[in-house]
Structure formats: structure tokens, C-alpha cells
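Colleague: could you work out the structure for the sequence below:
(one chain, ligands or ions: 1)
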Amino acid sequence: MIDQAGALVLFSGGQDSSVCLAWALGRYARVETVGFDYGQRHSIELEARAAVRTRIAERFPAWAPRLGEDHVLEMRGFGAVAHSALTADRAIEMTSKGLPSTFVPGRNLAFFVYAAALADRRGLGALVGGMCETDFSGYPDCRQDTLEAMQVALNLGMAQDFVIETPLMRLTKAETWALAKQLGGEALVELIVDESHTCYLGERGTLHPWGYGCGTCPACDLRIRGWEAWTAQGRPALRP
Ligand code: ZN
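Modeller: Reported below is the predicted structural model:
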């Protein structure tokens, strides 16, 4: 069943949000994407967004007519306030609060406020994000209860009926690959390996079986462990 409400996917060009984009294209009649330029150290993830969108439209004719506009919202002022390893030249380490220094306080909350304001203007009812509780990144704004509270706050504050959808919330990284296979078969898996970008250091020199990346930063580490676990299971599709 195709939902006519339409969806706005928070789309960074990473593995998780690329799977979310495919998930939304299978469910919603109209899907738009939004990315955020908050002064990332590298523009590679913003370039990966265009590559993923283009190849999805080429390889999945059923999804192509549903894939609507892409938006990039400038949030450099936010990046300047929420200084961290992702936006400044600092080592990735654990902070005294037990959070990785890659955590940008309030980032996902700010993304949802901007996304909801855009969705309101575009007439889209669902906000889709790749947040996940099970990846051990320890980001408190990726938790289910945070996002449930966010949905309530957005709907109260904007007099709206938005639904925040997080299809990866309960999945392991191996299951995220399995979901990609369920949604679009090996063609989608291959597309995500080749085009999506996860590495914090912006490394795109060598294509590994799991994709591009430095292989050692926390984001690459998660991606590699998920890929290896999924491969060890025989690359199954996720049970619907
Ligand atoms: Zn990396």
C-alpha cells in the first residue's frame, strides 16, 4: 500500500540514510530528501547524496517517479555553536560524559526542526530518519524516546500531524544491510556499497567490499563490523 502523505527523508548520503531513502520510496507516493550543510569537515558526504539519488533513479524505475526534489539547508551557524569533532579538527575520543566527541549536541533535534519546517511548506506528512538505538554510538538524540518526544513537540509547536519514522531504530548494522537487500536486492546493496559515504575522515581512495572509507574511524568500524556479520550469515534479506 502506497501512502499518499509523502515523506521527507533526512538524507546525508550515508549508509543508513540511503537505506531509509529506499525504504521511503517503497512506501510513499512522493519522497523528497533534505541534507544539512552545517560546516562538515568535508563535502564528500554532500556529494555522495547526489550520487545515491541519481543511481537509485537509474536502477529502480518503479521508484524513480516517486523521487522528488532534493533540498540542502544551510546550518553553518548551528555548526559554529555546536563545536565538535565532526565540524572541527579535533581527535575522535570519549568525553567526560561518556559520549563520543563526534556527538554534536542538539544536532538531530535541530535537523528535525528544520526538516519539519520544510515538510510543512512542501506538504509532506512523514519525516524519515536513520537514527538507530542499537549501533552503540551512544548518541542520546538517536533514541526512540527522544524522537517520540520530538514528534510531540513538533506537532504541538507547528499545529501539525507529522509522523517521525525511524526504520532502522531496532536494527543492528548487519540487519541494515539485510533490510537493503529486502528492499532492493543485491542491486541496492551494491549501490549503497559504491555510492554511500559513512567515513568521518572523508576517505574515498580505495573501494573495499563494504564501501569506501579509512577503515579505522568509529563510523568505518561500525560499517565494517555490520558488513562482516551480515556476510558471515550468508547475506540474507531481512524478514519483512
Ligand atoms: Zn573512516
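Colleague: which is the next helix or strand following the worst-scoring helix or strand of the chain on mean pLDDT?
Modeller: Ranked by mean pLDDT, DSSP states H and E, the weakest helix or strand in the chain is helix 76-81, scoring a mean of 80. Counting by DSSP states H and E, the element after helix 76-81 in chain order, helix or strand, is helix 107-122.
Colleague: off-centre distance for that following helix?
Modeller: Helix 107-122 sits 14 Å away from the centroid of its parent chain (CA atoms, centre = their mean, to the nearest Å).
Colleague: in it, what's buried?
Modeller: For helix 107-122, burial by neighbour count (16 or more other CB atoms under 10 Å) applies to 107-108, 110-116, 118-120. Just so you know, the C-beta spots here come from the backbone N, C-alpha and C atoms, and that holds for glycine as well.
Colleague: stretch 125-140 too?
Modeller: Quick answer for stretch 125-140 (16+ other CB under 10 Å): 125-133, 135, 137, 139.
Colleague: now swap in stretch 224-240 and tell me
Modeller: For stretch 224-240, the neighbour count (16+ other CB under 10 Å) marks 224-227, 230, 238 as buried.
Colleague: of those, which is the nearest to residue 178?
Modeller: Nearest to residue 178 among those is residue 238, at 3.9 Å by CB to CB.
Colleague: can you tell me the element the nearest residue to that closest one once chain neighbours are set aside falls in?
Modeller: Among residues not flanking residue 238 along the chain, residue 178 sits closest, at 3.9 Å (CB to CB, 6 or more residues apart in numbering). Assigned by DSSP H and E, residue 178 belongs to helix 173-195.
Colleague: so after that helix, what's the next helix or strand?
Modeller: strand 207-208.
Colleague: quick one: which of the buried residues of helix 107-122 is nearest to the ion?
Modeller: The ion lies nearest to residue 107 out of the buried residues of helix 107-122, by CB to the ion, at 18.9 Å.
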